[in-house]
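Undergrad: got a predicted structure here, sequence first:
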Amino acid sequence: MKIFQFGKISFVMVLTLLLCIQTVKPLAVSRPMPINLNLLRGDSEKIYFQIQAMVASDKQSCTFTPSGLEPLIIKFDEPSPTIVNLGEIKNIYGTVTVPQDAPIKTYNGQLVVNCAPSVGDKQTGGSVIHQTLVADFIVSVVQNKEEVVVNPIIIPKIEEKPKASPIILVLIIIVLILAIVGFYFSRKKKIE
């Protein structure tokens, strides 16, 4: 009978521990499409990328910024920050414009997307989990359209790992202490 009680106590503690652990499932961002973007000076072309929140725990408020592509002009149709709902794959459209005086070369930049859980239409603050996603963004400025530059496909990477909330860590420690104390007293009763 005492073994059964210890089993019940252990089951409740393990269940409590599992409920206290915050699982963070990452978002994803695709590389801007089209991947092989070859433009002449003065040209513009529509692009898009996706923010994927298929397994996110909450709707996300995401900002997006291209970097390393100066002097190219990149304007997005969607305002930044934008809300990406739970289970949604959101396409963000924009336009890349090459100024007339831009040097002819391949520009290797990045698209940096920062997301955090959202409450209402505003990004939450405090101890929420922020994620930074980075996708390569490559644009080739060419002298003529026959000059095609093939850009390799690179899988987007997650820059920062989410950090666990201090409250959750404290709860995990409390549950572990309760499990040790429960085990100690159940063993003590068995000996008596």
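TA: On my side now, so go ahead. Numbering: from 1, shown residues only.

Undergrad: quick one: mean pLDDT over the longest helix along the chain.
TA: Among the segments of the chain that qualify as a helix by DSSP state H, the longest is helix 166-191. For helix 166-191, the mean per-residue pLDDT is 80.

Undergrad: shift numbering so it begins at 863
TA: Sounds good: first residue 863 from here, last item helix 1028-1053.

Undergrad: how about it: buried residues?
TA: Using 16 or more other Cβ atoms under 10 Å as the test for burial, helix 1028-1053 gives 1033-1034, 1037, 1041, 1044, 1048. In short, each C-beta sits where N, CA and C put it, glycine included.

Undergrad: where do the helices sit along the chain?
TA: With DSSP H as the criterion, the chain has helices spanning 864-882, 1028-1053.

Undergrad: quick check: domain ranges of the chain?
TA: Following automatic domain parsing, the chain resolves into domains at 886-1023, 1024-1054.

Undergrad: sheet partners, orientation included, of the longest strand seen in the chain?
TA: Longest strand of the chain, by residue count under DSSP state E: strand 968-981. On the basis of DSSP bridges, the sheet neighbours of strand 968-981 come out as strand 922-929 (antiparallel), strand 984-985 (antiparallel), strand 993-1003 (antiparallel).

Undergrad: hmm, back to that, tell me which of the buried residues of helix 1028-1053 is nearest to residue 945?
TA: Distance to residue 945 across the buried residues of helix 1028-1053 (Cβ to Cβ) is lowest for residue 1033, with 29.8 Å.

Undergrad: report the beta-bridge partner residues of residue 995.
TA: Counting by DSSP bridges, residue 995 forms beta bridges with residue 975, residue 1020.

Undergrad: next up, the contacts around residue 912.
TA: Contact analysis of residue 912 by Cβ atoms under 8 Å, 6 or more residues apart in numbering lists 890-892, 951-954.

Undergrad: ok, 7 Å please
TA: 891-892, 951-953 (Cβ atoms under 7 Å, 6 or more residues apart in numbering).

Undergrad: by mean pLDDT, point me to the weakest helix or strand of the protein.
TA: Among the helices and strands of the chain, strand 984-985 carries the lowest confidence by mean pLDDT, DSSP states H and E, at a mean of 47.
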